[in-house]
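Engineer: Quick one, fold the following:
(chains A, B and C)
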Amino acid sequence: MSEAVTALGGASSAGPVAQVEERALQGMVTLRGDLSELAAAVETVTGCAMPDKRRIVQAGDKAVGWMSPDELLLLVPYAETSQTVAALEEQLAGRHHLAVDVSDARASFRIEGPGAREVLARLCPADLSPAAFGPGELRRTRLAQVPAAFWMEESGTFTLVCFRSVATYAFDCLAGASAGEAVGFLP
Amino acid sequence: MLILHCPYCGIECDETELAPGGEAHLTRHGPGASDAEFEAYLFERANPKGVHFERWRHANGCGKWFLAARSTTTLEVFGTYEAQTTEPPAEIVEKIRARIPGWEARP
Amino acid sequence: MSKRLEQGGRLIDRAKPLGFVFDSNRLEGYAGDTLASALLGAGKTLVNRSYKYHRPRGIVASGAEEPNALVGLGQGARFEPDQRATTTELFDGLTAMPQNAWPSLGFDAMAVNGWMSAFMPAGFYYKTFLWPRAFWKHVYEPVIRSAAASGRPPQEPDADRYEHFHAFVDMLILGGGIAGLQAALTAGQSGARVLLLEQTPHWGGRAPVDGYEIDGKPAERWIAETLATLEAMENVTLRSRTMGAGVFDHGYALGYERVSDHMPGDGAIRHRLWKIRAKQIVTATGAIERPLSFAGNDVPGVMLASAMRDYVVNYGVAPGEKVVVVTNNDDAYRTVLALIDAGLEVPIVVDARDRNDGPLAREAMRRGVAVECGAAIMKVKGKKRVEGVMLCRANGTGGAGAPVKCDAVAMSGGWSPVVHLWSHCGGKLTWSNENAHFYPDPSRAPTGADGKPFVSTAGAASGAMGTGSVLTDAASNAAEACGAAGYAVTASAAQAVDAEEVPMKPVWVMPEQALPELRAKMFLDFQNDVKVADIQLAAKEGYESVELTKRYTTLGMANDQGKLSNINGLAILADSLNAEIPQVGTTTFRPPYQPISFGSIAGEARGATFQPLRRTPMHEWHERNGAYWEPVGHWRRPYCYPKQGESHDEAVVREVLATRNSLGLLDASTLGKLIVKGPDAGRFMDMLYTNKMSTLKPGKCRYGLMCNENGFLSDDGVAARIDAETFLCHTTSGGADRIHGWMEDWLQCEWWDWKVYVANVTEQWGQIAVVGPNARKLLEKLGGMDVSKEALPFMGWAEGELDGITARIYRISFSGELSYEIAVPAGEAMTLWSRLLTAGREWSITPYGTEALHIMRAEKGFIMIGDETDGTVIPQDLGLGWAISKKKDDYLGKRAQERSHMTSPERWKLVGLETLDGSALPDGAYAVGEGVNANGQRNTIGRVTSTYMSPTLGKGIAMGLVHHGPDRMGEVLRFVATDESVIEAKIVSPVFYDPDGEKQDV
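Structural biologist: Here you go, the predicted structure:
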């Protein structure tokens, strides 16, 4: 019986224009391989089409994000992670690939509110203007001093993923960046 | 702030997303190489005032190594390209020559 | 005497008086004042003392170029030195102290330097304090430091918050005067994303003060309307109180926003540092008026003519009641008219030009002001404030001057474009004879990544001096920059006419043939007390380079950065060298334009977020249980867990003995874990490790070494074979990211045709080492996996469910004891840790830290990366030849290990060391041999790499690298401690404990 916990037990912080909250356990699988050979297996296992460069495709409670030319991040319910890895192994038997459960290696956060873009723009050297970044886009960059990836849902809510060991650092940075008023540069 | 285009993920990365990796297009020498060959591989590096080919990793990003042709004096970037090449691509050499007539790569 | 006028002051609100304290005096100003205007309004003409001679100094300027009015602002956790009164907005309760005044402003004991100035020429410090050397520390430095009483550092941690903000724009426009507004308007119309920054709280720059007409309406109205237009544009962002601090390579710029300096303590962010990436940058930074060099030009009450106009018009403040105006150009006449309009007296205008019948001069004369052409100020009378001036002929030597009574002097030496931001990234300048100033040369602009210009200028920053020219220049340059950024727009400038002005005349010394005693009182750099005579002396002493002269004389150093002093100083140097000014050139302009706060640079990187701290899943438990931390990379690992009243040493002894005798528990989660998978994984592993990993059988583990291409040992650890195509590599705690990057480097850049993928799963797993003779009993008690010797032998691994938790158990030992390293998903690691602690009580289970770990590995003679290795050690040095495959053709580092120096029998090699008296050797101590080396130092023959007091053996044990070490077993070496005492130690085997490895293999 799994008693897994997230790094911060669901920590949260609310500022005047944005809120930050640690998300619940999220199943994550790193899948490496020749992306052109993975599409069918990915679709069978997740129901998601192969994402384009720097995109994330969602289908129900699953999603697939493009991480690099030979790497995908599969998001599945936490309890389904090992069966997802097993299903991938089965689908890809005989093809060179690597599928590995990284659910527990990560911490993930929800950043929402009208100031969400500006929270990230305080910490990440990425263009967060709507013209450059919108729903369905996935950006890997740095959050202050640690690597991170984030994407945006249609609602305008961001999900940010970083390594588990720096969850406290990332949360403190995000909470600090969401503590202030709007900068007024990004909508 | 150096800004380079990552040829893998397409991001215009600023220096803080990148990790430098020194000179590009070195030939690895291993067992069987002469002392001179091996020392050249280990230690001899170009230090040009002008066009330099170098390795960068999009460390805070897609994680891929790529190569860049850049002027060390003006910081003009003649292009970035994938790491899986053994010499500068022809179109980049052409671009360099258009800017610096008569430019020759280090032998 | 300066005072507040009965009327006027377009920026102040007389209905809102504000109280403030300066130099312990309670004073009053108005909302909208700067600290400088409030001080002048309160009659404070003397505001500081100069840095070197402690001369009385007053306010010279009205903006960023102010050299004198530097104050220590605020108190306690909000104290900040070096703040300019002219750029400090007044708020209620502001507290400021003059920076260089001891014991008080009025009586400055150090002003004695004033009459000593004749003995403190250029390069004084260099010349005088050369020797004796010992005097530096105890005599010269303390004396100089107390005399040069500049800003004092704050004593308390900063109470405010700071942040960064990353902005991406097409067009960045720096400066919100009429040129910047016009440029933003043009850029806004192009559809480009525009960011316009203005360093002051007000838009429009000098135009409202100078009273021009733009588009047929007063400048002030045009500015308000243009602002409204810009604010309505969705693609334009305006930011006041935000300075363009620096322009950097590839279109990067820093903006420094003073969000709440004008209302401190209200909880808002104090400063925001904008990190801006722009396709094109337009600097609309205006121009700065130059002082004139006449004797006594630093006496309080002598002010730039434009600044005086600002104080009168903007703040309703009169810097004096009777003002002599001295100029070489027509702009100063605007000050004359503003003073007359305000009801102040201008006894005379001293115009250095031979004649002036221009419209501005005629208007002044029409108002009854006397204008004397071809004249000069010979010197200013008064010490702590202006009491009058002596006039003389402009082209003379300065003898026999005529006195004029006054209480202030307005001076204008012409205008210099602010070229700093243009120059930061390599923009070049050219000289204008007409205006006697350097201005940006558009044909030599800074170039970006594409080799094309990315900075242009607008308005006065371009060298355009008339209103019409400023607007036309701004519109057309902005339109061109938009084009370069990919946005086409037709330049259409607001209409204005250039006022008719009589040409200016360069005047570098006043009077032209001034005698030496006058030149010794003509200040070029007010803050650093650099005079005309100093530059001339430097030139005479051979300082021909402007960069060297700057450093020798301190001209333009510190806060000034060439704003006020630059051109006058260059002109003097050029004249002394009989060269033209353009040949002498300028010093280098470097960012930031104005000092920016350290807090803004740090941003979020302070306190808890100063740097990332990596925490294991058990971090909180360690903290709660009194862990004493050791930093390992960014990780924090428990060094030991001292109990109440226990020293660290005692805790470590207890932890070692408990583990050796019964049962210990270690959080090993930080250990690097890398998956290597693919058909070529074995081949790749054989290249990475010195030993042969491809032959490892699934279910088994093998210890391996990794070297860099220099052959030096870089990392070590146990690799496990998961299946035919998959390995799991354990790296050192600090090495996981580095080795992961190393693997990717080889796979991406050298062997890109090999079918191997790597993933870093370090943090997926919490890893717990269960160590000691009772380790098996504990795991059997938890149940779920067969951990018997038969099922899970030494150097094997198994997968299963331990007490219901998915686990991988590795039978590896870094202590020499029976040991299981259990990896479970990080989210369940704490659960397992708790269950192990509970179930292990019957064996007195004892969590141990890194020091116990290190001692136990040293007792076993296991090397530690970073102790036994230092980047110059090869595995062969460490007796690890058994881990180097002779059969492999190649591995990383192999060729290097064949180089002659690497195979030399003279290399120092690893041995164990045992002191004769049982004490522990000092870490890093050297063993001394016979004779001395070429530098006369004792020859050394070895050094200590690891040393501990072994609780198990009850004596000091050590490892060290020793010349011919393994051949000298039993020999006694002499190690020298830092107190020069000698400790004798015998060379022994490095394996002190259980040399046959019986305990770990049970």
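
Engineer: and the residue lying closest to residue B:9 once chain neighbours are set aside, what is it in contact with?
Structural biologist: Spatially, and ignoring its direct neighbours in sequence, residue B:9 is nearest to residue B:62 (4.0 Å; C-beta to C-beta, 6 or more residues apart in numbering or on different chains). Yep, even glycine has a C-beta here, placed from its N, CA and C like the rest. By C-beta atoms under 8 Å, 6 or more residues apart in numbering or on different chains, the contact set of residue B:62 is A:67, A:68, A:69, A:71, A:140, B:6, B:8, B:9, B:11.

Engineer: from those residues, which is closest to chain C?
Structural biologist: The closest of those to chain C turns out to be residue A:71 (C-beta to the nearest C-beta; 8.5 Å).

Engineer: Give me the number of neighbouring residues for that closest one.
Structural biologist: When neighbours are counted by other C-beta atoms under 10 Å in any protein chain shown, residue A:71 registers 19.

Engineer: Show me what it bridges to in the sheet.
Structural biologist: Per DSSP bridges, the residues bridged to residue A:71 are residue A:32, residue A:68.

Engineer: so what's it up against?
Structural biologist: Residue A:71 is in contact with A:30, A:31, A:32, B:62, B:63, counting by C-beta under 8 Å, 6+ apart.

Engineer: what's the pLDDT at the first one?
Structural biologist: Residue-level confidence at residue A:30 comes out at 98, pLDDT.

Engineer: which ones are touching it?
Structural biologist: A:67, A:71, A:72, A:73, A:74, A:98, A:99, A:100, A:102, C:759.

Engineer: Take the residues you listed and keep only those in strands.
Structural biologist: A:67, A:71, A:72, A:73, A:74, A:98, A:99, A:100, C:759 (DSSP state E).

Engineer: Of the residues you listed, which is the nearest to chain B?
Structural biologist: Among those, and counting by C-beta to the nearest C-beta, the member closest to chain B is residue A:67, at 6.7 Å.

Engineer: In space, what's closest to the closest one - neighbours in sequence excluded?
Structural biologist: Residue A:67 sits nearest to residue A:73 (C-beta to C-beta, 6+ apart), 5.2 Å away.

Engineer: surely the one you found meets residue A:32?
Structural biologist: No - applying C-beta atoms under 8 Å, one finds residue A:73 not in contact with residue A:32, separated by 10.4 Å.

Engineer: how about the nearest residue to residue C:924 once chain neighbours are set aside, secondary structure?
Structural biologist: Nearest non-adjacent residue to residue C:924, counting by C-beta to C-beta, 6+ apart: residue C:944, 5.9 Å away. Three-state call for residue C:944 (DSSP: H, G, I helix; E, B strand; the rest coil): strand.

Engineer: Enumerate the residues of chain B near chain A.
Structural biologist: By C-beta under 8 Å from any C-beta of the partner chain, the part of chain B that sits against chain A consists of B:8-11, B:14, B:16-17, B:59-64.

Engineer: What residues does the residue nearest to residue A:67 make contact with?
Structural biologist: A:28, A:29, A:30, A:31, A:64, A:65, A:67, A:149, A:161.

Engineer: now do residue C:317
Structural biologist: C:2, C:3, C:4, C:5, C:9, C:37, C:40, C:41, C:311.

Engineer: now swap in residue C:345 and tell me
Structural biologist: Here residue C:345 is in contact with C:321, C:322, C:323, C:339 (C-beta under 8 Å, 6+ apart).

Engineer: what separates it from residue C:406, distance-wise?
Structural biologist: From residue C:345 across to residue C:406, the span is 8 Å (C-beta to C-beta, to the nearest Å).

Engineer: what's the overlap in contacts for those two?
Structural biologist: C:322, C:323.

Engineer: Within the helices and strands, which one has the residue nearest the centre of chain A?
Structural biologist: In chain A, the C-alpha nearest the mean C-alpha coordinate belongs to residue A:161, at 4.6 Å (C-alpha atoms, centre = their mean). Assessed by DSSP states H and E, residue A:161 sits inside strand A:158-163.

Engineer: Now that strand - C-alpha only, CSV.
Structural biologist: In CSV, the C-alpha atoms belonging to strand A:158-163 read as follows (Å, rounded to 0.1, in the frame of the first residue of the first chain):
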residue,chain,number,x,y,z
PHE,A,158,0.6,27.4,-15.1
THR,A,159,2.1,24.1,-14.0
LEU,A,160,5.8,24.2,-13.1
VAL,A,161,8.0,21.2,-12.6
CYS,A,162,11.4,21.1,-10.9
PHE,A,163,13.6,18.5,-9.1
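
Engineer: Does it reach chain B?
Structural biologist: No - Strand A:158-163 is not in contact with chain B by C-beta under 8 Å from any C-beta; minimum separation 11.2 Å.

Engineer: Remind me what that strand packs against, helices and strands.
Structural biologist: strand A:106-112, helix A:116-123, strand A:146-152, helix A:167-177 (3 or more C-beta pairs under 8 Å, 6 or more residues apart in numbering or on different chains; DSSP states H and E).

Engineer: Minimum distance to residue C:329: which of these has it?
Structural biologist: helix A:116-123 (45.7 Å; C-beta to C-beta).
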